[in-house]
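[1] coordinates for the following, if possible.
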Amino acid sequence: MGWSVRIWYMSGHTTKQRAVSRTLCVIGYLLVATGLPAQTQPDRNSEPHEIQLTGQGLLVLDTPKGWQRTEGPGIATFVKKGARLEKADVWIYVSGTPIGPSEEVKSRDEYIESDAVDFRARFKNGTVKIEEPLPLPNAKTSAPVRTFESAESHNSFEQVVYIAEQTRILTFVLSAKTRKAYAASLPVFHEFAQSYNGSIVTSPDPTHP
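    Prediction:
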């Protein structure tokens, strides 16, 4: 039985696609061949997914439908097809931040709380709304969700999904300049976050600080 995946990677200012077909042991092969620790191992029984190549390793994660990957904030950024990030009214990006006993942020909950505190400090009239957790069927769990609104003259709207891995927290962010663009993009954003199916991250070489 085979597993077809599409690997997306950044090259200069373009995003290229490589179509490959591998057996179901492809992730195991990568772990052995590269020595990369698995953060969350993909569900081998799920439907085929894309693999996003990032500066922090691989993310098993589908490109949002009708969108394209581009250069931007975080480890992976997406805009609607044909749009440019600098002129887009809405975009999606993923960031990764280390968490753990030896890190500045110890846990997912601490990270979420610091996110809210920092936002309220920056936007005095801003609001942070706790949403219902988002089910993640591939990861067999759910993720906390927060909605941020700046309430400034140049208002901004964001929703963040927080996915905790073994040694980092991934934040999936929908960011929009208008309420209309934000509301219209929520369904595809949720579908995007729910396509998350694990990752393989690089570890720093202890012999090279």
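[2] hey, let's count contacts and neighbours off CA atoms from now on
    Noted.
[3] residue ranges with poor pLDDT in the protein?
    For the chain, the stretches with pLDDT under 70 are 1-48, 202-209.
[4] can you map out the helices along it?
    Under the criterion DSSP state H, helices of the chain are mapped to 26-34, 108-122, 179-194.
[5] right, and those - which one's nearest L170?
    Among these, the nearest to L170 by C-alpha to C-alpha is helix 108-122 (9.4 Å).
[6] helices and strands around that closest one, which ones?
    Under the contact criterion of 3 or more C-alpha pairs under 8 Å, 6 or more residues apart in numbering; DSSP states H and E, helix 108-122 touches strand 127-130, strand 157-164.
[7] could I get those as a markdown table with distance to V188?
    Putting those into a markdown table (distance: least, C-alpha to C-alpha, whole Å) gives the following:
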| stretch | distance to V188 |
| --- | --- |
| strand 127-130 | 20 |
| strand 157-164 | 12 |
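[8] which among the ones you listed is found nearest to H49?
    Comparing the helices and strands packed on helix 108-122 against H49 with C-alpha to C-alpha, the closest turns out to be strand 157-164 (17.9 Å).
[9] ok, for the one residue sitting closest to the centre of the chain, nearest residue in space, not its chain neighbours?
    When C-alpha atoms, centre = their mean is applied to the chain, the residue found nearest the centroid is V94 (3.2 Å). In space, not counting the residues next to it along the chain, V94 is nearest to F172; the distance is 4.7 Å by C-alpha to C-alpha, 6 or more residues apart in numbering.
[10] dig out what the one you found forms beta bridges with.
    V94, V161 (DSSP bridges).
[11] for L85, what are its contacts?
    With C-alpha atoms under 8 Å, 6 or more residues apart in numbering as the criterion, the residues that contact L85 are T70, G72, V79, W91.
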